[in-house]
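Undergrad: Fold the stuff below for me.
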Amino acid sequence: MNTTAIYTTVRRSMVALVVGACITWAAPAMAQSAAECISPQQQSLMNACAYRDYEKADAALNAAWGPAKEFADAIGKGKTLLTAQRAWLAYRDAACEAHASPYEGGSIQPLMRATCLSEITAQRTQMLLEFHAY
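TA: Down below sits the predicted model:
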C-alpha cells in the first residue's frame, strides 16, 4: 500500500470516528458563533462549544500530519510513524472514553469527552510539529 493510500485510510478512519462521535453524543446543539462559546450558560451549548474546540484541534492535527509523515518517509521511518499514529488514535479514543465514563448518562459527559479529545489531540499535534521541525 502506498503512502497516499495509507494517508487516505487514516483520514477516513478519523472522519468515521468524528461522525460516530456526533451520533453517540446525541447531537449536541450547534454553537452558532465564537461569541456564544466565550461564556456559555447552557449545558447543551457548553457541549457544542467543546465539540467545536475538538474539531479545531482535529483540523490542526490533520494539518500537522502531512509534513510529519513526509519527513518520516524521508528518513525511512514513515511506516513507524504511521503505526504510532494508529496506536495513538486508539489510545486517545479509549483514554477519553474512560475519562468521561464517570459521567455516563449525564448531560456533562459530552463536554468531558470533547475536552479530553481536544487536549490530547493538541498535545499530539505539538509532537508532530516538533517531529518534522528537525
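
Undergrad: ok, the residue most central in space within the chain to residue 91 distance?
TA: Centre of the chain computed as the mean C-alpha position; nearest residue by C-alpha atoms, centre = their mean is residue 58, 4.2 Å away. Using C-beta to C-beta, to the nearest Å, we find residue 58 at a distance of 15 Å from residue 91. Glycine gets a C-beta too; all of them are placed from N, C-alpha and C.

Undergrad: and the next element down the chain from the helix or strand where residue 53 lies?
TA: For residue 53, the host element (DSSP states H and E) is helix 43-74. Per DSSP H and E, the first helix or strand lying C-terminal to helix 43-74 is helix 78-100.

Undergrad: Just list what that next one packs against, helices and strands only.
TA: Counting contacts by 3 or more C-beta pairs under 8 Å, 6 or more residues apart in numbering; DSSP states H and E, helix 78-100 is packed against helix 3-24, helix 43-74, helix 109-131.

Undergrad: For it, which residues meet the burial criterion?
TA: Of the residues in helix 78-100, 78, 81, 82, 85, 88, 89, 92, 93, 96, 99, 100 count as buried by neighbour count, 16 or more other C-beta atoms under 10 Å.

Undergrad: how distant is it from the center of its chain?
TA: 10 Å (C-alpha atoms, centre = their mean, to the nearest Å).

Undergrad: what's the answer for stretch 67-87, then?
TA: The answer for stretch 67-87 is 18 Å, by C-alpha atoms, centre = their mean.

Undergrad: Same check on stretch 55-75?
TA: With C-alpha atoms, centre = their mean, you get 13 Å for stretch 55-75.

Undergrad: do the same with stretch 95-107
TA: On C-alpha atoms, centre = their mean, the centre of stretch 95-107 falls 16 Å from the chain's centre.
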